[in-house]
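Novice: After the sequence you'll find the predicted model.
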Amino acid sequence: MFTSTVRFTRHLVLVILALLASACGGGKSPSASAPASTEPATRPAEPSMKDQLDALEKQGVLPELDRSTDVAGPDADGNGIRDDIDAYIAALPVSDEVKKAVRQRARVQQRSLLIDLKDRVSLLALSDASMASTACMSSTILKDVPSELQYKILRDGHAIALKIEAITANTPERAERYMAYMGALHGTTTTYPTGKVCEDE
Amino acid sequence: MNKWMGMWTFVWLVSWCVSGQATPVKPYQLCHWPWSPSGWPPRVAGTSQLSIETNYRYPSSASHRQVEGANSGACDLPVHEVLSGARGCGSSQVDCGSDQNPESDECGDGEGHWADIRIGRRWQWTNQPGMVTPWSGNAAVDIWQNFPMLVDADRYRVWFWDDGQPAQHLGRTQALSYSGQLPRCYTMAYLVGFFNGVWNTRREAWASLEVLRQQDFIGPDWRSAPIRYELFYNQSCKRSADDVCLQDVAEVFRQRSAEMDGLLSRRWEYLWEQVTGQNDQPGSFTQRLVARVVRSDRALASWFDGLANATLAKITALSTALADDPPTAQDTAEHTAQLMRAGQRAERAVLVAHSQGNLFVNAAYDAYLAHSRLAGKVVGEDTGYVAAQVVHIAPASPTLRGPYVLADSDVVINGLRRVDGTYLPVSNVSLPVNSQDRSGHKLLATYLDEAGPVRAQIRQFVTKALDAL
């Protein structure tokens, strides 16, 4: 009985001493109190640029576009605008009237990828339609804008149209087609239209 | 009689004054005098070929472009000499009667009978057409004719059968007289053509034309004359029949997009932002991408910087090649044909060119001038003139046909000069480096930037050119 009491007391003292040691030296000597480990601490892995880019597209910060090898791309509703571009336009922070003008622009842009470049008549007609869509976009976006703001608003309109151009020809195959279209129009002239330039939808 | 005369004079003068203020003064490009007894006005350089369809071959001349003041004349001869038929004077009988019965309209012979004669003392055509019709060759051009002549006339009472009885001066009146079809004047019409740089997409070239047309730049008309705006599109670097300059720029992107594990190899919207300069604009896809895709070594930002520099280098190389082998008349045949059609439509042209577009405008202008001279030579009238003016912006061409602006911060043109030593126009405007256009070469972001000083200079060149036509 005495032996078990002495043994218990010895254990108790050891526990108390260990507790005292950890309380006094825990901040300065972690290895003294931490359980023994052979592996260093690791930081979370940096997401890859691809993952980040994919996430941005999912969040809508960047447009989530069709990138198939098909030049035309999907157009389920057959309105002449690729479905992903339809979605992009729908999400633009502009009025419905401006969106309508942007869709006219997008239709013409899409046709530039699909037109028969040897059909000169159709090519020039599309060129005229393209110019009309430019004029429609500008007249729509500048409607009721005071003169001192017109320059800035016109540039904003151009920025939208240039984005439509960029996302329509967004793959190597589509870009090749678009460059061929531009090349086919080398040497031509197109008059800036007057009168009715906006199409009815 | 005098009381009524005074009243009618007053009415005529008032109506002339009022109508003169209501009718806007419009510039004419040609006033045609199909015939003139005295051969007035003299046609330009003795030509007999001046017509509205060939008017583009003739330099601007006040003598055949104005009505007011033209064919003016005066007669200061005494009454008896006028009535004797002196040349250069005219008279008309306006009333007759007799001293015995002044109110009678009976024109009789014999003593006491008189006739009232009106003699024109000063006359000139006034700028108020009696008839305006559109010209069949171009609905934007009107034909003004039946201009009235403003006549100051003296009225005399003459006793033809009473020898020694002097003519009695009854006063002077001023009135408008509509003399018929002469002259016939054609109103002004302009063409403003834009020749784009080959580093332009189709959409960008349209945007440039549109900015020229805006009311806060040139506008849809100039001094009441309509302007037709036309894009003269260029995209060939002349290496093959279906050559497209932008292919070279695309190849730069294609090669570089294989880097970074092909992250952007199927994201060619970033190519187009590079081409159009939108990559440097706030809100662009490029700006959003670089800002939000994070990597500790800034790999993406560095990649885009490298792409921009490589693209600029490629554009400079393309420009050098084009300057070494510039477009010829054959290369610009379609554009020249369009200019000739414009001339025949009585459109006087101002041609604005940017970057490599200056090489194309030079060739087209030279060909248009050559056509004008040849067509004139055929009828013995080579005036050495064509109704076109050129304004150069950031010219990538060693020769010029008009005034120019070139910024010292234009990396493309300055690079062009260094690479091959070709003499190019010296930069004549100082611009700070533009964060929204690192090339310093873009038309819209730099040269026509509303906040920049060059825009006003370019506008001045264009409006001066319009006035010179």
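Specialist: That came in fine, so what should we check first?

Novice: And the helices in the chain, which stretches?
Specialist: Went with chain A since none was named. A:2-25, A:30-33, A:49-59, A:83-90, A:96-114, A:120-141, A:147-168, A:172-184 (DSSP state H).

Novice: To clarify, I was referring to chain B.
Specialist: B:2-22, B:79-83, B:202-213, B:246-256, B:259-262, B:269-276, B:285-292, B:299-324, B:333-344, B:357-378, B:411-420, B:454-468.

Novice: export the ones you listed to CSV and tack on mean pLDDT and distance to A:I141?
Specialist: Yep, even glycine has a C-beta here, placed from its N, CA and C like the rest. Listed next are those as CSV, based on pLDDT from 0 to 100; distance: least, CB to CB, whole Å:
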stretch, mean pLDDT, distance to A:I141
helix B:2-22, 38, 37
helix B:79-83, 90, 69
helix B:202-213, 94, 11
helix B:246-256, 93, 27
helix B:259-262, 87, 36
helix B:269-276, 95, 18
helix B:285-292, 92, 20
helix B:299-324, 90, 28
helix B:333-344, 97, 30
helix B:357-378, 96, 26
helix B:411-420, 81, 30
helix B:454-468, 96, 21
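
Novice: Nearest to B:M188, out of the ones you listed?
Specialist: helix B:454-468 (9.1 Å; CB to CB).

Novice: Can you list the helices and strands that the longest strand belonging to chain B packs against?
Specialist: For chain B, the longest strand by residue count, based on DSSP state E, is strand B:113-125. For strand B:113-125, the packing partners by 3 or more CB pairs under 8 Å, 6 or more residues apart in numbering or on different chains; DSSP states H and E come out as strand B:73-74, helix B:79-83, strand B:91-98, strand B:148-158, strand B:168-178.

Novice: Taking the centroid of chain A, which residue is nearest it?
Specialist: A:L62 (1.1 Å; CA atoms, centre = their mean).

Novice: if we can go back for a sec, deepest in the core, which of the helices and strands packed on strand B:113-125 is it.
Specialist: strand B:148-158 (a mean of 19; mean count of other CB atoms under 10 Å in any protein chain shown).

Novice: So what are the sheet partners of that one and their directions?
Specialist: Strand pairing for strand B:148-158, using DSSP bridges, gives strand B:113-125 (antiparallel), strand B:168-178 (antiparallel).

Novice: Now do the first one, average pLDDT.
Specialist: Over the span of strand B:113-125, the pLDDT mean works out to 90.

Novice: Check the last one too.
Specialist: The predicted model assigns strand B:168-178 a mean pLDDT of 91.

Novice: centre of the chain versus that strand, how much separation?
Specialist: Distance, stretch centre to chain centre, for strand B:168-178: 40 Å (CA atoms, centre = their mean, to the nearest Å).

Novice: rewinding a little: in JSON lines: the helices of chain B, plus distance to B:H169.
Specialist: Converted to JSON lines, those look like this (distance: least, CB to CB, whole Å):
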{"stretch": "helix B:2-22", "distance to B:H169": "12"}
{"stretch": "helix B:79-83", "distance to B:H169": "8"}
{"stretch": "helix B:202-213", "distance to B:H169": "59"}
{"stretch": "helix B:246-256", "distance to B:H169": "82"}
{"stretch": "helix B:259-262", "distance to B:H169": "99"}
{"stretch": "helix B:269-276", "distance to B:H169": "78"}
{"stretch": "helix B:285-292", "distance to B:H169": "86"}
{"stretch": "helix B:299-324", "distance to B:H169": "76"}
{"stretch": "helix B:333-344", "distance to B:H169": "54"}
{"stretch": "helix B:357-378", "distance to B:H169": "52"}
{"stretch": "helix B:411-420", "distance to B:H169": "74"}
{"stretch": "helix B:454-468", "distance to B:H169": "46"}
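
Novice: out of these, nearest to A:P93?
Specialist: helix B:285-292 (14.4 Å).

Novice: helices and strands around that closest one, which ones?
Specialist: Looks like helix B:285-292 contacts helix A:49-59, helix B:269-276, helix B:299-324 (3+ CB pairs under 8 Å, 6+ apart).

Novice: tell me the most buried of those helices?
Specialist: Using mean count of other CB under 10 Å, helix B:269-276 ranks as the most buried of the helices and strands packed on helix B:285-292, with a mean of 24.

Novice: ok, residues contacting that one?
Specialist: A:63, A:65, A:162-163, A:165-167, A:169-170, A:175, B:199-201, B:203-204, B:246, B:249-250, B:253, B:264, B:278-279, B:284-286, B:289, B:304, B:307-308, B:311 (CB atoms under 8 Å, 6 or more residues apart in numbering or on different chains).

Novice: Next, count neighbours for B:P395.
Specialist: 29 (other CB atoms under 10 Å in any protein chain shown).

Novice: which secondary element of chain A has the worst mean pLDDT?
Specialist: Using mean pLDDT, DSSP states H and E, helix A:30-33 stands out as the lowest-scoring helix or strand of chain A, at a mean of 42.

Novice: ok, now which ones touch the closest residue to A:I85 other than its chain neighbours?
Specialist: Leaving aside its sequence neighbours, A:I85 sits nearest to A:A106 (CB to CB, 6 or more residues apart in numbering or on different chains; 5.4 Å). For A:A106, the contact set (CB under 8 Å, 6+ apart) comprises A:I81, A:R82, A:I85, A:D86, A:I89, A:I164, A:T168.

Novice: re the thing from before, so which of the strands paired with strand B:148-158 comes closest to B:N358?
Specialist: strand B:113-125 (43.3 Å).

Novice: Hey, what's the angle from the closest one to strand B:91-98? Just curious.
Specialist: 150 degrees (axes from the mean of the first three to the mean of the last three CA atoms, to 10 degrees).

Novice: Can you give the distance from strand B:113-125 to the centre of its chain?
Specialist: That offset, for strand B:113-125, works out to 42 Å (CA atoms, centre = their mean).
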